[in-house]
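> need a structure here:
(one chain, ligands or ions: 3)
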Amino acid sequence: MTDTDEAAPAGRGQEAAPLLEVRDLRVEFRTRDGVAQAVNGVSYRVAAGQTLAVLGESGSGKSVTAQAVMGILDSPPGFVTGGEVLFQGRDLLTLGREERRKVRGAKMAMIFQDALSSLNPVLSVGAQLGEMFQVHEGMSRKEARGRSIDLMERVGIPAARARVNDYPHQFSGGMRQRIMIAMALALAPDLIIADEPTTALDVTVQAQVMDLLAELQREYRMGLILITHDLGVVADVADTIAVMYAGRIVETAPVHRLYKAPAHPYTRGLLESIPRLDHKGRELYAIKGLPPNLTAIPPGCPFNPRCPLARDICVTDRPPLYDVGPGRTSACHFWKETLDGAR
Ligand SMILES: Nc1ncnc2c1ncn2[C@@H]1O[C@H](COP(=O)(O)OP(=O)(O)OP(=O)(O)O)[C@@H](O)[C@H]1O
Ligand code: SF4
Ligand SMILES: [Mg+2]
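Ligands and ions are numbered 1, 2, ... in the order given. Coordinates of the predicted model:
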């Protein structure tokens with residue numbers, strides 16, 4: 001920990017105006033089983049050159065938030081019911097479909113977990129990459145092919161020139177994920193959202209792909225939102241972490257501060273459930289219970305049925321997101337005790 005951390009809590013790329021600012025975003029799914037409140041007032045910022053990791057258990061609203069930001073929400077049944085998505089100063093939620101598509105094509109890109117279902121199985125990877133250059137940058141076929149090979153080399157595909165005409169299924173999982181990264185990078189976007197980009201890969205390959213993504217993010221000075229449920233993955237690559245629970249952000253902090261001393265009991269539970277080499281042989285902690293049903297989120301703190309620190313007030317009063325330190329927030333009535341207990 002250095003003083004620089006204190007001075008720049010939002011990370012190395014912090015600028016006056018953020019690249020992306022999400023304000024009080026709300027999304028619900030209207031289904032036959034009721035209305036699921038999937039995103040309940042999420043706010044976050046990402047600056048150019050900065051990585052924000054979004055963390056939380058399955059169903060906490062990480063992907064739905066990203067889909068609403070990208071404009072690819074499954075609607076119906078999903079509806080954005082409030083908030084703003086300011087990208088380079090413009091609220092994307094007020095744009096028409098065509099304008100939105102243009103922003104998505106050229107300025108923001110998304111990387112998904114499963115490259116095989118995101119790439120077109122009947123087109124060679126060279127054709128898929130090349131098409132982006134032909135359509136968006138008006139290149140000739142030959143030029144586009146050259147650029148595709150360059151990009152494949154840049155993301156570490158061996159023998160790119162020989163493999164440019166291969167189809168997605170002819171590549172290994174790790175190589176396919178590199179191709180997805182190449183597709184996302186093709187038009188030099190300002191923001192990339194990577195949703196569990198390495199979850200489907202072997203552990204050793206996961207690290208390589210994550211390192212590549214982090215390296216390219218720095219080189220291109222992009223904003224990166226990295227969605228994951230794996231706290232172990234983000235320590236080295238993220239500047240800031242936002243922890244989500246039941247469609248809300250419950251804690252945000254510069255990465256090293258959050259690891260050292262979490263200010264929310266849920267974050268502490270997540271941290272204690274990571275396997276650590278120095279704790280070998282100790283039983284791994286798991287947060288007991290399940291997240292709430294999103295059609296009936298309990299009053300008070302949504303985490304109260306599972307929280308070891310819960311008291312009466314937690315059942316009746318919903319904690320706001322308190323400012324708890326430089327660049328830090330926590331939605332816990334007892335954030336101070338939690339923070340002190342962690343030190
Ligand atoms: N297509 C859909 N139809 C109905 N409800 C949906 C749909 N997609 C998401 N939801 C609701 O939104 C909630 C949040 O989903 P989301 O995909 O954002 O979770 P997540 O945090 O990304 O989880 P995971 O780690 O499993 O990817 C789900 O629990 C579900 O209730
Ligand atoms: S507000 Fe109460 S229930 Fe919620 S996390 Fe804090 S101590 Fe636990
Ligand atoms: Mg998800």
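
> pLDDT score assigned to Tyr44?
Reading off the confidence values, Tyr44 has pLDDT 96.

> can you check the one 10 residues further on too?
The score at Val54 is 97. That number is its pLDDT.

> On the three-state scheme, it is what?
Using DSSP: H, G, I helix; E, B strand; the rest coil, the structure places Val54 in strand.

> Helices along the chain, start to end?
Secondary structure of the chain, counting by DSSP state H: helices at 3-7, 62-70, 97-106, 115-118, 125-137, 141-154, 160-163, 173-185, 203-220, 231-234, 255-260, 265-272, 312-316, 335-342.

> Where does pLDDT dip in the protein?
For the chain, the stretches flagged by pLDDT under 70 are 1-16, 275-285, 342-343.

> Contact residues of it facing ligand 1?
Residues of the chain lying near ligand 1 by CB under 6 Å from any ligand atom: 29, 31, 36, 38, 56, 58-64, 74, 77, 229, 294. All C-beta spots, glycine's among them, are computed from the backbone N, C-alpha and C.

> Let's see that with 5 Å instead.
Within the chain, the positions adjacent to ligand 1 are 29, 36, 38, 58-64, 74, 77, 229, 294 by CB under 5 Å from any ligand atom.

> could those go into CSV alongside distance to Glu21 and neighbour count?
As requested, the residues of the chain next to ligand 1 are arranged in CSV below (distance: CB to CB, whole Å; neighbours: other CB atoms under 10 Å):
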residue, distance to Glu21, neighbour count
Phe29, 24, 21
Ala36, 25, 22
Ala38, 20, 23
Ser58, 27, 8
Gly59, 25, 19
Ser60, 21, 25
Gly61, 18, 26
Lys62, 18, 24
Ser63, 20, 19
Val64, 18, 23
Asp74, 24, 9
Pro77, 27, 13
His229, 24, 16
Leu294, 25, 21
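
> And the furthest pair within the residues you listed?
The most widely separated members of those, counting by CB to CB, are Pro77 and His229 (23.5 Å).

> ok and the residue in the stretch 1-150 of the chain nearest ligand 2?
For the stretch 1-150 of the chain and ligand 2, the shortest gap (CB to the nearest ligand atom) falls at Gly56, measuring 13.7 Å.

> how close does that residue sit to Ile149?
39 Å (CB to CB, to the nearest Å).

> Those two: who's more crowded?
Gly56 (24 against 19; other CB atoms under 10 Å).

> dump the residue contacts of the closest residue to the residue of the stretch 1-150 of the chain closest to ligand 2 other than its chain neighbours.
Nearest residue to Gly56, sequence neighbours excluded (CB to CB, 6 or more residues apart in numbering): Met244, at 3.6 Å. Met244 sits next to 42, 54-56, 60-62, 65, 250 when contact means CB atoms under 8 Å, 6 or more residues apart in numbering.

> Any chance of a markdown table for those, columns distance to Pro262?
What follows is those, written out as a markdown table (distance: CB to CB, whole Å):
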| residue | distance to Pro262 |
| --- | --- |
| Val42 | 19 |
| Val54 | 16 |
| Leu55 | 11 |
| Gly56 | 13 |
| Ser60 | 16 |
| Gly61 | 20 |
| Lys62 | 18 |
| Thr65 | 21 |
| Val250 | 10 |
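
> For stretch 297-306, what is the distance to the chain centroid?
Here the centre of stretch 297-306 is set off from its chain's centre by 24 Å, with CA atoms, centre = their mean, to the nearest Å.

> quick check, it touching ligand 2?
Yes - counting by CB under 5 Å from any ligand atom, ligand 2 has neighbours in stretch 297-306: 301, 303-304.

> Out of those, which comes closest to Leu321?
Cys301 (11.9 Å).

> neighbours of the closest residue to that closest one other than its chain neighbours, just the number please.
Leaving aside its chain neighbours, Cys301 sits nearest to Cys314 (4.5 Å; criterion: CB to CB, 6+ apart). The number of residues packed near Cys314 is 21, by other CB under 10 Å.

> ok, now the one 4 residues further on?
Per other CB under 10 Å, the neighbour tally for Arg318 reads 15.

> Was I right to think it contacts Ile297?
No - under the criterion of CB atoms under 8 Å, Arg318 is not in contact with Ile297, lying 9.5 Å apart.

> who's in contact with Leu123?
Contacts of Leu123 by CB under 8 Å, 6+ apart are 131, 167.

> State the distance from it to ligand 1.
Distance, Leu123 to ligand 1, using CB to the nearest ligand atom, to the nearest Å: 27 Å.

> ok, now how distant is the residue sitting furthest away from the middle of the chain from ligand 1?
Most distant from the centre of the chain: Lys142, at 35.3 Å, with distances by CA atoms, centre = their mean. Separation of Lys142 from ligand 1 (CB to the nearest ligand atom): 41 Å.
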